[in-house]
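1. sharing a model that was predicted from the sequence below.
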Amino acid sequence: MIGPEGEHIGVVSLQEALRRAEEYGLDLVEIAPTADPPVVRIIDYGKFIYEQTKKEREARRSQKQAEVKEIRLRPKTNEHHREIKVRDARRWLEEGMKVKVRVRFRGREITYPELAQQQLQAVAQELADVAVIEQEPNLEGRTMLMILAPKKK
């Protein structure tokens, strides 16, 4: 049993623990039910719940959401346009965002998936100094997709 100020009281019977909790005007809360013997604490339960939710909210706020940006290419995208898109992707990766590189097929272009594979490999090579491939290029319907994540510093 743990007291209201966090002091260790020791092993006591359930009736004794309940009596002491009532004596302090607080609640008896089971902290570790799987321990042998179970650990209980005398606390204000409402305050305990409030502090738990406050900690959870703070933890959620401090989490960083990984933003995903996307660049779209076509199998016939020329080198100059690809370089412009890669420049944007480099900036996003340096800011810590993930980049989704999508090659979209139109019409009969789908019969040449190796062109899209070459485009994606070229993009990955150009960004190799700032990015790692998180998801290898794979075909999903009429698009070939690859995801790049920023390198850890």
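-> Okay, I see it.
2. identify the residues contacting A17.
-> 1, 28, 40, 42 (CB atoms under 8 Å, 6 or more residues apart in numbering). C-beta coordinates here come from the backbone N, C-alpha and C atoms, glycine included.
3. what sits opposite the last one in the beta ladder?
-> If I follow you right, that is I42. When assigned by DSSP bridges, I42 has beta-bridge partners L28.
4. just use 42 as the starting number from now, easier for me
-> Renumbered: residue one is now 42, and that last one reads I83.
5. so how far is V53 from it?
-> Per CB to CB, to the nearest Å, I83 is found 11 Å from V53.
6. what touches both of the two?
-> Jointly contacting I83 and V53 under the rule CB under 8 Å, 6+ apart are 42, 61.
7. count the neighbours of V140 for me.
-> 27 (other CB atoms under 10 Å).
8. give me the secondary structure label for it.
-> Classification of V140 using DSSP: H, G, I helix; E, B strand; the rest coil returns strand.
9. do I have it right that it meets W133?
-> Yes - using CB atoms under 8 Å, V140 makes contact with W133 at a distance of 5.5 Å.
10. what is in contact with those two at once?
-> Residues touching both V140 and W133 (CB under 8 Å, 6+ apart) are K110.
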